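S.K.: Sequence isn't available, so here's the structure alone:
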């Protein structure tokens, strides 16, 4: 109920229905969310909300076995326990054993922690990656992301992420400088078209290094898909 952008006695507007559906999807507690207005006559209507809740490791043994099998073929194992204590909290981990980029990571998803009006995602990782840069170059890195996402309209999501990375390299070159990379990334995601057979999304991201980072730079990206 707290994710609904309308209340009893209010006019049921399409924009509020879309925003409510987006909020429900952003919690991560539901695989599918549908909101349908049911006319009751005399200008009144009920809002019927149909949800397919995610819970535990998978929907069933077959789903778990299929997902695990596909992951093994991709040289990775991923476990995620969803909707802990019915609060939408999810905890997971992943181990990837690809030859050139092994990595282990842990993640936590928490919708509206401590009453905060946003959705929290925390991820920590440790891994290495090999590059062909005029010879074999290996990068070892560990770090974490702390991300907050908030629905700010029927088609728009704002995001703020704190990133930190500590990197070392097997050899130092002008393109491989060891040290800490940390900063803040702000992002906006907007849905331009959402129809039965067509969907068009736009996102823009801007990252700036701060907090005593050894590498100072800014990066902006725009994506349409």
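M.R.: Cool, the structure landed. Not measured: the values here are computed from a predicted model. Numbering: from 1, shown residues only.
S.K.: What count of nearby residues applies to residue 114?
M.R.: Residues within reach of residue 114, counting by other CB atoms under 10 Å, total 6. C-betas here are computed from N, CA, C, even on glycine.
S.K.: For the residue of the chain most remote from its centre, give me its contacts.
M.R.: Distance from the centre of the chain peaks at residue 42, with 42.3 Å (CA atoms, centre = their mean). Residue 42 makes contact with no residue, according to CB atoms under 8 Å, 6 or more residues apart in numbering.
S.K.: and the residue most central in space within the chain, what element?
M.R.: By CA atoms, centre = their mean, the mean C-alpha position of the chain lies nearest to residue 121, the distance being 6.8 Å. Here residue 121 is covered by strand 119-132, with elements defined by DSSP states H and E.
S.K.: which helices and strands does that strand pack with?
M.R.: strand 103-111, strand 136-151 (3 or more CB pairs under 8 Å, 6 or more residues apart in numbering; DSSP states H and E).
S.K.: Distance from the helix or strand bottoming out on mean pLDDT in the chain to the middle of the chain?
M.R.: Least confident helix or strand, the chain: helix 61-73 with a mean of 86, by mean pLDDT, DSSP states H and E. In this view, helix 61-73 has its centroid 21 Å away from the chain centroid, taken as CA atoms, centre = their mean, to the nearest Å.
S.K.: For that helix, list every residue counted as buried.
M.R.: By 16 or more other CB atoms under 10 Å, the buried positions in helix 61-73 come out as 67, 71.
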